[in-house]
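Colleague: Fold the following.
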Amino acid sequence: MEPSKNIAFDVVGTLVSYDHLFEAIESVCGSRLKEVGIQPRLLGCCWLEMAEREYTYLSLSGRYAPFFTTLTGLFYRALWMAGITEPRRLVAQEDVDRLVDAYKGLEMRPGAAECIAKLRDAGFTVWGFTAGDLERVGGYFARAGIDMPAENLLSCDSTGKSKPEPECYKPVLEKLSSSGTQPWFAAAHMWDVSAARAQGTPSYLEKLRRSRLGVSKVIEDEGIDCDFVVTWCTDTILMTDVYARMKDGIRLLKKNNVSAFEDVFCAGGPEAEQRNFRGWEDSSAYTSSVWTGIMGYSGDGLPYAGTGSGRRNRFMLADFSGHGMPQASLAARGVAAMVLRDESFGNTEIPMVFEAT
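Modeller: Got it, this is the predicted structure:
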């Protein structure tokens, strides 16, 4: 049985958008704000940033207060910092109450429900890790029609600590690691991602950082470099033992037996990577799908990159002869340097044999 996979999302600001609050500020007092030179959306951003800072600093000083309490009391300070000497004359208390209610009614970002559904379809258990009270945050999911079990919503509010204090992340990491797999953490705030990473939880950005082409591999078989391993920011894409099975595959293709052809390439079994790659043992890596196709080749089997024609501002990046995954991104970075910074081909990281002449 495959171990469970867990991903914890920050909720407000990541899955949930602030747009509903910004629209409420525009509707409730936008015209008055603009008359004194204040953009409603910018005021909303300053209000939220101010509240997050005070919320965090209160926690660090040992005087924790719930985020919503902090937010409610800081609207007039934000107005005063914007240059309004009598903020209560510009915006009445009942208007502030309407804005606070709008915050309670924040909505999911477009695509959030689809994102969660795709992760669940891929075998992930999705969790919410928030600084807000669980009843209000649960309402965000319910109004969007997303089934989020109450036990999958976690809040540091119950611990009396605020993000990004380390004590907030440790119990979450322990809970989501109980199945023996390392959980993932997703957040739109860099400080939130950084704090989770410091406690041992990899983030999507951390995975992206690791996914440089320096870890791409080409595996030679009988002198023909037709097998490769490429690490991407979403998954590891593998094609192994291709050449060894090529003759059988071609025979089946000639008979139009595509399904049997794919079976030949799956003959190593779903855990073939763990058996064939040193260091991958017991890694839980497995083959999720197989793709087959017909490849075309350049005359020498090498791609073309650079200016090619010798004419200024004309660039070429083509004909990877079936090896686009391990080669195209690095070559594209080099060509981009030629386009944007007028770098010479020799100053890029593109292999010399790729240069189009």
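Colleague: which regions of the stretch 101-250 of the chain sit below the pLDDT cut-off?
Modeller: 200-250 (pLDDT under 70).
Colleague: What are the boundaries of the strands in it?
Modeller: Using DSSP state E, counting those that start in this stretch, the strands found in the stretch 101-250 of the chain span residues 107-108, 124-130, 153-155, 184-186, 217-221, 224-231, 236-239.
Colleague: just checking, what packs against the first one?
Modeller: If I follow you right, that is strand 107-108. strand 16-17, helix 134-143 (3 or more Cβ pairs under 8 Å, 6 or more residues apart in numbering; DSSP states H and E). Every residue, glycine included, has its C-beta placed from N, CA and C.
Colleague: Would you mind pulling the contact partners of the longest one?
Modeller: So the one you mean is helix 134-143. 11-12, 15-16, 68, 104-108, 128, 130, 147-148, 150, 153, 155, 157-158 (Cβ atoms under 8 Å, 6 or more residues apart in numbering).
Colleague: if you set the cut-off to 10 Å instead, what comes out?
Modeller: 11-12, 15-17, 68, 103-108, 112-113, 116, 128-133, 146-150, 152-155, 157-158 (Cβ atoms under 10 Å, 6 or more residues apart in numbering).
Colleague: If any of the residues you listed are buried, give me the PyMOL selection for them.
Modeller: The PyMOL command for the buried members of the contacts of helix 134-143 (criterion: 16 or more other Cβ atoms under 10 Å) is given here:
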select buried, resi 11+12+15+16+17+68+103+106+107+108+112+113+116+128+129+130+131+132+146+148+152+153+154+155+157
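Colleague: distance of the residue in the chain sticking out farthest from the centre from residue 126?
Modeller: Computed with Cα atoms, centre = their mean, the residue of the chain farthest from its C-alpha average is residue 89, at 43.8 Å. Using Cβ to Cβ, to the nearest Å, one obtains 46 Å as the distance from residue 89 to residue 126.
Colleague: How confident was the prediction at the residue farthest from the centre of the chain?
Modeller: In this prediction, residue 89 carries a pLDDT score of 94.
Colleague: Could you give me the buried positions within the host helix or strand of it?
Modeller: Using DSSP states H and E, residue 89 maps to helix 87-90. Within helix 87-90, the residues that qualify as buried by neighbour count (16+ other Cβ under 10 Å) are 87, 90.
Colleague: which other helices and strands contact it?
Modeller: helix 19-35, helix 75-81 (3 or more Cβ pairs under 10 Å, 6 or more residues apart in numbering; DSSP states H and E).
Colleague: so which of the ones you listed gets nearest residue 344?
Modeller: Among those, helix 19-35 comes nearest to residue 344, with 46.2 Å by Cβ to Cβ.
Colleague: Spatially nearest residue to residue 194 (excluding sequence neighbours)?
Modeller: Excluding its sequence neighbours, the residue lying closest to residue 194 (Cβ to Cβ, 6 or more residues apart in numbering) is residue 164, at 7.2 Å.
Colleague: actually residue 355, not the one I wrote
Modeller: Closest to residue 355 by Cβ to Cβ, 6+ apart is residue 306, at 4.9 Å.
Colleague: give me the number of residues near the one you found?
Modeller: 22 (other Cβ atoms under 10 Å).
Colleague: which residues does it bridge with?
Modeller: Here residue 306 sits in beta bridges with residue 316, going by DSSP bridges.
Colleague: All the strands of the stretch 251-357 of the chain, residue numbers only.
Modeller: Using DSSP E, counting those that start in this stretch, strands in the stretch 251-357 of the chain cover 304-306, 316-318.
Colleague: Can you tell me which of those strands is nearest to residue 327?
Modeller: Per Cβ to Cβ, nearest to residue 327 of the strands of the stretch 251-357 of the chain: strand 304-306, 9.3 Å.
Colleague: Residue 4 against residue 125, yeah?
Modeller: Yes - contact criterion Cβ atoms under 10 Å: residue 4 and residue 125 qualify, at 5.8 Å.
Colleague: any shared contact partners between the two?
Modeller: Shared contacts of residue 4 and residue 125, counting by Cβ under 10 Å, 6+ apart, come down to 176, 179, 183.
Colleague: Burial check on the closest residue to the first one other than its chain neighbours, number of neighbours?
Modeller: Closest residue to residue 176 apart from its sequence neighbours, by Cβ to Cβ, 6+ apart: residue 183 at 3.7 Å. By the criterion of other Cβ under 10 Å, residue 183 has 24 neighbours.
Colleague: quick one: residue 183 and residue 7 touch, right?
Modeller: Yes - assessed by Cβ under 10 Å, residue 183 is found in contact with residue 7 at 6.6 Å.
Colleague: what do the two both touch?
Modeller: What both residue 183 and residue 7 touch, as defined by Cβ under 10 Å, 6+ apart, is the set 124-125, 127, 176, 201.
Colleague: I'm done for today, thanks for sticking with me.
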